[in-house]
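Fold the following for me, if possible:
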Amino acid sequence: MNPSDVLIKPILSEKANKQTEKMNRYSFVVDRKANKLEIKKAVESFYGVTVEKVNTNVVPSKAKSKYTKAGFIVGRKPAKKKAIVTVAEGETIDLYGSGI
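As a prediction, this is how the structure comes out:
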């Protein structure tokens, strides 16, 4: 699998930011078919850091509905796979692109 296809986007939330500050962990949404070795290679090649550990979990799809003039509209949110990557001590990833 191509490394650019593995990483979809970083997760930028309060919980992810706390993990980054305290435990040097970064969260990403990744391709559902990617395994831990492919995720490790992709992060190391894109960001130039040393990855110590990769944890993954698959978030199942959810049913979603809303009420409109036409009645109830029912659909589903897609399933996704998350990867939590632990980076070596002293290394960081600049997810916000400040460049300073």
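
quick one, strands of this structure?
Per DSSP state E, the chain carries strands over the ranges 7-10, 25-30, 51-59, 62-68, 71-77, 80-87.

can you redo those strands as TSV with mean neighbour count?
To be clear about C-beta, it is placed using only N, CA and C from the backbone, and glycine gets the same treatment. Formatted as TSV, these follow (neighbours: other Cβ atoms under 10 Å):
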stretch	mean neighbour count
strand 7-10	15
strand 25-30	21
strand 51-59	14
strand 62-68	9
strand 71-77	9
strand 80-87	19
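
which one of these lies closest to residue 37?
Among the strands of the chain, the nearest to residue 37 by Cβ to Cβ is strand 51-59 (8.2 Å).

Can you list the strands that that closest one pairs with?
Strand 51-59 sits in its sheet next to strand 80-87 (antiparallel), going by DSSP bridges.

which residues of this protein score low on pLDDT?
Counting by pLDDT under 70, the chain has low-confidence residues at 98-100.

For it, which helix extends over the most residues?
The longest helix of the chain (DSSP state H) is helix 36-47.

what sits against the residue sitting nearest the centre point of the chain?
Nearest to the geometric centre of the chain sits residue 28, at 1.3 Å (Cα atoms, centre = their mean). Contact analysis of residue 28 by Cβ atoms under 8 Å, 6 or more residues apart in numbering lists 7-11, 39, 43, 82-83, 85.

Show me what it bridges to in the sheet.
Judged by DSSP bridges, the bridge partners of residue 28 are residue 10, residue 83.

What is the longest helix of the chain packed up against?
Helices and strands touching helix 36-47, by 3 or more Cβ pairs under 8 Å, 6 or more residues apart in numbering; DSSP states H and E, are helix 3-6, strand 7-10, strand 25-30, strand 51-59, strand 80-87.

Go through the ones you listed and name the closest to residue 17.
Shortest separation from residue 17 across these is recorded for strand 25-30, at 9.4 Å, computed as Cβ to Cβ.
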